[in-house]
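In: Model the following, please.
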Amino acid sequence: MKKYNVHMLKTFTSLCLLFLISIHAFATETIEISGGGTKQINIAVMPYKEIVSDKANSRMHQIIAADLYRSGFFRPLEVNGLVNKPSALSEINYSEMSAIEAQVMTLGQVAISNNRMKVNWFLVDTNKKTILTTMEYSGPVAQYRAIAHKISDTIYEKLTGIPGVFSTKISYITKNKGRYSINVADADGFNVQSIVGSPQPIISARWSPDATKIAYVSFEKKKPIIYIQSLVTGQRTVLANFKGNNSSPSWSPDGRRLAIVLTYNANSQIYLIDADGSNLKPLIQSAHIDTEPVWSPDGRLIYFTSDRGGRPQIYKVSSSGGEPQRVSFEGNQNLNPNVSPDAKILSYVTQDEGRFRVVLHDLQTGQITKITDGPFDEAPTFSPNGHVILYAHKINGSGELSTVSIDGVVRQSFNINADDIREPAWAPFVK
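Out: From the prediction side, this is the model:
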């Protein structure tokens, strides 16, 4: 039986060193992202006028502008130099908007009183001089950022026809001063909460489809065990504590089952298990190392990483079992698969001339697009609308968290104070 250390369970990268067999690379079309990108919408995000005694300026527009920029679909324009900064429709100078080439603009007012807030805002087509959307949001002041994200979501969906993800959550694992934690934060990295902490390694945190639970692997018992943590009740249950290693949990789209990896009777093999820990069944059985399972959105397929071709590559198999089919052919090694919400694109990490980079693989055309530069990128995960990738990477030996738009043009890093950051995951939309 092949033995695994913590790093081999974190990613499949360590396995890559075990194989020196070269394989034939099938011809595919590969695109290198080096600049440019899709046409962005020019938006003027005006300072929302704040009506409150202890605040001189609104920061809501800054949150909205940052959200929209991070998506890759919008180009927030510089408005600080404008003489006229309207917060009401009657104050708009359309000639000024035309001068800065604004296609749309958003403006509004924030009223704060007795720890409550009310936001009246507008989205305006500056070319047609028409109102696209006007809404009022209210709530406690503690929801200031949440309301800003809601406005961003509404603008995004109105102008793209696709739901925004600015009100969703992300998770990631940190190591800080010898302590490991699973952290949950807003999609922009703010409002961080530690959900689970341990002096022993924690890896492979994965959201349930309803965003109420996280499955993860902990070494607190001196071996890898899979737990499920409820974010609603705080209750923790053991999902898998079988002989050998228990790792790589992945929820089925209906939340009833998980795919997991066990060294139960042989090398790392993929099993299916009910969410209550019952009904364990092997998915496929082989003499190879199979790991990192991830379900397709319809639940019919499971993509995974395997060494069955000599080096780590991406394969797929029916969720009812059967013969695996190879998916990735370009690159010496490919690992960390993740499927887009529309099941059309597969993201994974490829070894490219010694660098580990995130690529997008169009499952219909076979086209591969490299969207990050490396050299040590890992664990790409799609946003719930499929338009942004969240991933981890190494900078000067320390882990960082970043997002990149799917055209590879807009990249932003999170400012997180930790010795190391690994394995991000993006929570699904909450229905």
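In: What about Thr237, how many residues nearby?
Out: 14 (other CB atoms under 10 Å). (Glycine included, C-beta is placed from N, CA and C.)
In: ok, now how distant is Ser208 from Leu82?
Out: Separation of Ser208 from Leu82 (CB to CB, to the nearest Å) stands at 46 Å.
In: for Ile173, same thing?
Out: Ile173 is 43 Å from Leu82, by CB to CB.
In: So the two - more neighbours on which side?
Out: Taking other CB under 10 Å, Ile173 and Leu82 do not tie; Ile173 has more neighbours (26 against 17).
In: ok, which stretches of the chain are helices?
Out: For the chain, applying DSSP state H gives helices covering 6-10, 60-71, 94-99, 144-160.
In: mind giving me CSV with those helices and columns for mean neighbour count and distance to Gln325?
Out: Listed next are these as CSV, based on neighbours: other CB atoms under 10 Å; distance: least, CB to CB, whole Å:
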stretch, mean neighbour count, distance to Gln325
helix 6-10, 17, 25
helix 60-71, 22, 34
helix 94-99, 14, 53
helix 144-160, 20, 34
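In: Mind checking the ones you listed for the one nearest to His393?
Out: Closest approach to His393 among the helices of the chain (CB to CB): helix 6-10, 14.0 Å.
In: possible to save the helices of the chain as a markdown table with mean pLDDT and distance to Ala88?
Out: Listed next are the helices of the chain as a markdown table, based on pLDDT from 0 to 100; distance: least, CB to CB, whole Å:
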| stretch | mean pLDDT | distance to Ala88 |
| --- | --- | --- |
| helix 6-10 | 42 | 53 |
| helix 60-71 | 95 | 15 |
| helix 94-99 | 95 | 14 |
| helix 144-160 | 97 | 16 |
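In: what's the closest of the ones you listed to His387?
Out: Checking the helices of the chain against His387 by CB to CB gives helix 60-71 as the closest, at 6.2 Å.
In: Can you spell out which helices and strands pack onto the closest one?
Out: strand 41-45, strand 74-76, strand 104-113, helix 144-160, strand 398-405 (3 or more CB pairs under 8 Å, 6 or more residues apart in numbering; DSSP states H and E).
In: the inter-axis angle of that helix versus helix 144-160?
Out: 50 degrees (axes from the mean of the first three to the mean of the last three CA atoms, to 10 degrees).
In: Counting neighbours, what do you get for Pro282?
Out: Here the number of neighbours of Pro282 (other CB under 10 Å) works out to 15.
In: swap in Pro375?
Out: Neighbour count for Pro375, taken as other CB under 10 Å: 14.
In: just Lys39 next, same as before
Out: By other CB under 10 Å, neighbour count at Lys39 equals 7.
In: swap in Gln235?
Out: When neighbours are defined as other CB under 10 Å, Gln235 has 10 of them.
In: Now do the same contact list for it.
Out: Gln229 (CB atoms under 8 Å, 6 or more residues apart in numbering).
In: how much space is there between it and Ile51?
Out: Taking CB to CB, one finds Gln235 at 44 Å from Ile51.
In: now do Tyr315
Out: Per CB to CB, Tyr315 is found 59 Å from Ile51.
In: Looking at those two, which has the bigger crowd around it?
Out: Applying other CB under 10 Å to Tyr315 and Ile51 shows that Tyr315 carries more neighbours, namely 22 against 15.
In: Please name the residues that touch the closest residue to the more buried one other than its chain neighbours.
Out: Among residues not flanking Tyr315 along the chain, Pro324 sits closest, at 4.4 Å (CB to CB, 6 or more residues apart in numbering). Going by CB under 8 Å, 6+ apart, Pro324 touches Ile284, Phe304, Ser306, Arg308, Tyr315, Lys316, Val317.
In: By neighbours, which of the residues you listed wins?
Out: The member of the contacts of Pro324 that has the most neighbours, counting by other CB under 10 Å, is Phe304 with 27 neighbours.
In: bridging residues for that residue?
Out: Tyr315 (DSSP bridges).
In: looking at it, it is touching Pro337, isn't it?
Out: Yes. Counting by CB atoms under 8 Å, Phe304 does reach Pro337; the two are 6.9 Å apart.
In: Which neighbours do the two have in common?
Out: Joint contacts of Phe304 and Pro337 (CB under 8 Å, 6+ apart) are Glu292, Val294, Ile314.
In: Asp352: which of those residues is nearest?
Out: Closest to Asp352, out of all of the shared contacts of Phe304 and Pro337 and judged by CB to CB, is Ile314, at 14.8 Å.
In: Tell me how far the closest one lies from Pro293.
Out: 11 Å.
In: Could you name every residue contacting both of those two?
Out: With CB under 8 Å, 6+ apart as the test, Ile314 and Pro293 both reach Tyr303, Phe304.
In: Quickly name whichever of the contacts of Pro324 is closest to Phe190.
Out: Nearest to Phe190 among those, with distances taken as CB to CB, is Phe304, at 33.9 Å.
In: For Arg75, which residues are in contact?
Out: Contacts of Arg75 (CB under 8 Å, 6+ apart): Gln40, Ile41, Asn42, Ile43, Tyr69.
In: Hmm, Ala102 and the third one touching each other?
Out: What that stands for is Asn42. Yes. Counting by CB under 8 Å, Asn42 touches Ala102, with 5.5 Å between them.
In: If you count surrounding residues, which of the two has more?
Out: Of the pair Asn42 and Ala102, Ala102 is the one with more neighbours under other CB under 10 Å, namely 24 against 17.
In: ok, Thr126 touching Val104?
Out: Yes. Between Thr126 and Val104 there is a contact under CB under 8 Å: 6.1 Å.
In: which neighbours do these two share?
Out: By CB under 8 Å, 6+ apart, Thr126 and Val104 have these common neighbours: Ala44.
In: What does the pLDDT read for the residue nearest to Tyr315?
Out: As predicted, Pro324 sits at a pLDDT of 96.
In: ditto for Gly36
Out: 40.
In: that older thread, and Asn279, which of the helices of the chain is closest to it?
Out: When the helices of the chain are compared by CB to CB, helix 6-10 sits nearest Asn279, at 23.8 Å.
In: Val430 touches Asp210, doesn't it?
Out: Yes. Counting by CB under 8 Å, Asp210 is a contact partner of Val430 at 7.4 Å.
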